[in-house]
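Peer 1: Quick one, structure for this:
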Amino acid sequence: MTSFVDVNTRRFPTGGTAIARHLRVALSGGNLAAAGIADEDIGTIEYDVFTTDTEAAVRLRTATGTRKMVAAGAVVAGAVVYAAASGKIDDAVSARRIGIALEAASADGDIIEVLTDYGAPSQYRVVGGTGTLDGSNPTPVTTGLTTVIAGVACFTGSTAPALDPTILTTAASSGTLNVYAWKPTASGDVTMIASTNNARTFDWIAVGL
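Peer 2: Numbering: from 1, shown residues only. Got it, this is the predicted structure:
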């Protein structure tokens, strides 16, 4: 028979896994486990769980009020925090926003108070534009974002790309989207090397904060 709870905590089986208090947890095979950086957690462990425990209380992610969470490193009060590895949180941007730190953490393992919002609306911004290769490889693009999460660039126009350059790739550095241009080594050697083209235009899109 199914059941439900209308309180802030619920007990789950542990499968004999030890989990430190206030870590984010997810269900794995029906048992609790520390949530990874990409996992959708169900909440935070209330107290230390030992291998001899069969069940543990979880403060559900839908719980009211604030909660205690474990920092993965230094965090300033007021910073937006995100999911980190091993059930922790950090101000380093990841794919899963958790909330806002109400206390500062000075080191890995510090327990701090967090106001959770689990991916507030308008978390990310999408910006874009057109640029021109400057021959430096990479060509830096100032996006206006503080942190670029992901980006892409492609040649402008409706014609096939020439041999120099042939393809574009991107890499982010804080708020800059670096656009790399590549060309074949020679007509009979398709090994890609850096292009020094300083005239080809490209369109770019970046997602971030």
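Peer 1: which residue packs closest to residue 18, ignoring adjacent ones?
Peer 2: residue 51 (5.0 Å; C-beta to C-beta, 6 or more residues apart in numbering). Placement of C-beta: from N, CA and C, glycine included.
Peer 1: And for residue 144?
Peer 2: residue 127 (5.8 Å).
Peer 1: mind listing what the residue nearest to residue 18 touches?
Peer 2: 16-18 (C-beta atoms under 8 Å, 6 or more residues apart in numbering).
Peer 1: which SS class is it?
Peer 2: Here residue 51 is recorded as coil under DSSP: H, G, I helix; E, B strand; the rest coil.
Peer 1: that older thread, what's around the residue nearest to residue 144, how many residues?
Peer 2: Neighbourhood size, residue 127 [other C-beta atoms under 10 Å]: 17.
Peer 1: Got the domain ranges for the chain?
Peer 2: 1-121, 125-208 (automatic domain parsing).
Peer 1: first vs last residue of the shortest one, how far apart are they?
Peer 2: For domain 125-208, the first and last residues are 5 Å from each other (C-alpha to C-alpha, to the nearest Å).
Peer 1: still on that earlier bit, if we look at the helix or strand containing the residue nearest to residue 144, which residues are touching it?
Peer 2: Assigned by DSSP states H and E, residue 127 falls within strand 125-132. With contacts defined as C-beta under 8 Å, 6+ apart, strand 125-132 is touched by 139, 141, 143-145, 153, 156, 179, 198-209.
Peer 1: Quick one, which of these are buried?
Peer 2: 139, 141, 143, 145, 153, 179, 200, 202, 204-208 (16 or more other C-beta atoms under 10 Å).
Peer 1: Would you reformat the domains of the chain as JSON lines and include mean pLDDT?
Peer 2: Output for the domains of the chain, formatted as JSON lines (pLDDT from 0 to 100):
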{"stretch": "domain 1-121", "mean pLDDT": "93"}
{"stretch": "domain 125-208", "mean pLDDT": "93"}
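Peer 1: what bridges to residue 56?
Peer 2: Per DSSP bridges, the residues bridged to residue 56 are residue 12.
Peer 1: In this structure it contacts residue 9, no?
Peer 2: No: contact criterion C-beta atoms under 8 Å: residue 56 and residue 9 do not qualify, at 10.0 Å.
Peer 1: who's more crowded, these two?
Peer 2: Set residue 56 next to residue 9 and count neighbours by other C-beta under 10 Å: residue 56 wins out with 22 against 14.
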